[in-house]
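Undergrad: quick one: sequence and predicted model below, then my questions.
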Amino acid sequence: MENIVTKIIEIDRAANEKLARSKQQQQQILEDARADARQQQEELEKKADNRIAQVELYHEGEYRRISQELSEKFDASVTALNRSFEEKHEQFETEIFNRIVGE
């Protein structure tokens, strides 16, 4: 009878050890999964940050290009107005004078 009790105790001890190892393995698997999840999240965040930076650079370049075009058009318009004024200001002065004087 003592032999059977000893065997049951040994089986119970072995079962408890297997259960403890199983829980340790489960804990290790969970820790590894969490570490993998963190690493994947960090990689995705880096990729997203890089993509956002690329988009920002593209739009900044577009902004500068359009701004330069508008500035050039503005400068050309001002130059054309100044040239037109220089060419016609005497004519305008004469017309204004004649209207005031009544000729």
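TA: Structure's in. What do you need? In this text the structure is predicted, and so the values were computed from the model without any measurement. Numbers count the residues shown, from 1 in each chain.

Undergrad: list the residues that contact Glu90.
TA: With contacts defined as C-beta atoms under 8 Å, 6 or more residues apart in numbering, Glu90 has no neighbours. The C-beta positions use only the backbone N, C-alpha and C, and glycine is treated the same way.

Undergrad: what separation do you get for it and Arg83?
TA: Counting by C-beta to C-beta, to the nearest Å, the gap from Glu90 to Arg83 is 14 Å.

Undergrad: now do Ala14
TA: 102 Å.

Undergrad: equivalent analysis for Arg34, please.
TA: When C-beta to C-beta is applied, the distance between Arg34 and Arg83 equals 72 Å.

Undergrad: and if you look at Lys46?
TA: To Arg83, Lys46 is 55 Å away according to C-beta to C-beta.

Undergrad: do me a favour and average the pLDDT over the helix or strand containing Glu87.
TA: In this structure, Glu87 sits in helix 2-101 according to DSSP states H and E. Per-residue confidence for helix 2-101 averages out to 94 on the pLDDT scale.

Undergrad: any idea how far Lys46 is from the most centrally placed residue in the chain?
TA: For the chain, the residue whose C-alpha lies nearest the mean C-alpha position (C-alpha atoms, centre = their mean) is Ile52; its distance is 2.2 Å. The gap separating Ile52 from Lys46 is 11 Å, by C-beta to C-beta.
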